[in-house]
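> okay, structure incoming, though there's no sequence with it:
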């Protein structure tokens, strides 16, 4: 039996109304009173789960499984793309290094060519300036022309 406690100042009519309704529910074995008592106090009743609970649980597990599979598929795809990007990055780095080396070699070649052309040109320009002098004798002039030639 369950007993209810009230404050001393409680309304007596309210207490009588609650007692009357509880007495009616106690007389009906299918009332909410007994189903609540069984759900809280009867261990055999508590072990039973409603059918919708099992369906909800199965649905949630299915959704979880789909999400896990989707996650692993995405991770696999990301790994593949990452490996491809690493390969491409290595190729690009090698190509950049080769291009920088080619640029360095081209610069060295042009510097050498500039030096090889500039050195004799300076000599030619120097002898031509000597040929411009008005008091130069013809023998020296012929000698300078042969050197330039």
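Looks like it arrived, so ask away. What you see is a predicted model; the values in this text were computed from it and never measured.
> so where's this structure uncertain?
1-2, 43-49 (pLDDT under 70).
> ranges for the helices of it?
Along the chain, counting by DSSP state H, helices occupy 12-27, 32-41, 43-46, 51-131, 138-148.
> to residue 6, which of the ones you listed lies closest?
For these, proximity to residue 6 was assessed by C-beta to C-beta; helix 12-27 is nearest, at 5.8 Å. C-beta coordinates here come from the backbone N, C-alpha and C atoms, glycine included.
> now the angle between helix 32-41 and that closest one, please.
Calculated by axes from the mean of the first three to the mean of the last three C-alpha atoms, to 10 degrees, helix 12-27 forms an angle of 80 degrees with helix 32-41.
> distance from the chain centre to helix 12-27, please.
66 Å (C-alpha atoms, centre = their mean, to the nearest Å).
> before we move on, what about stretch 70-88?
Computed by C-alpha atoms, centre = their mean, the chain-centroid distance of stretch 70-88 equals 11 Å.
> how much space between residue 93 and residue 72?
Per C-beta to C-beta, to the nearest Å, residue 93 is found 31 Å from residue 72.
> surely residue 32 and residue 25 touch.
Yes. Contact status for residue 32 versus residue 25: in contact at 6.7 Å, counting by C-beta atoms under 8 Å.
> who has more neighbours out of the two?
residue 25 (15 against 9; other C-beta atoms under 10 Å).
> and the more buried one, how far from residue 34?
For residue 25, the distance to residue 34 - C-beta to C-beta - is 8 Å.
> cool, and residue 10?
From residue 10 to residue 34 the distance is 26 Å (C-beta to C-beta).
> what of residue 9?
31 Å.
> more neighbours, these two?
Between residue 9 and residue 34, counted using other C-beta under 10 Å, residue 34 has the larger neighbour count: 14 against 5.
> so what's residue 131 closest to, chain neighbours aside?
residue 144 (5.3 Å; C-beta to C-beta, 6 or more residues apart in numbering).
> and for the one you found, the neighbour number?
18.
> OK, contacts around it?
127, 130-131, 136 (C-beta atoms under 8 Å, 6 or more residues apart in numbering).
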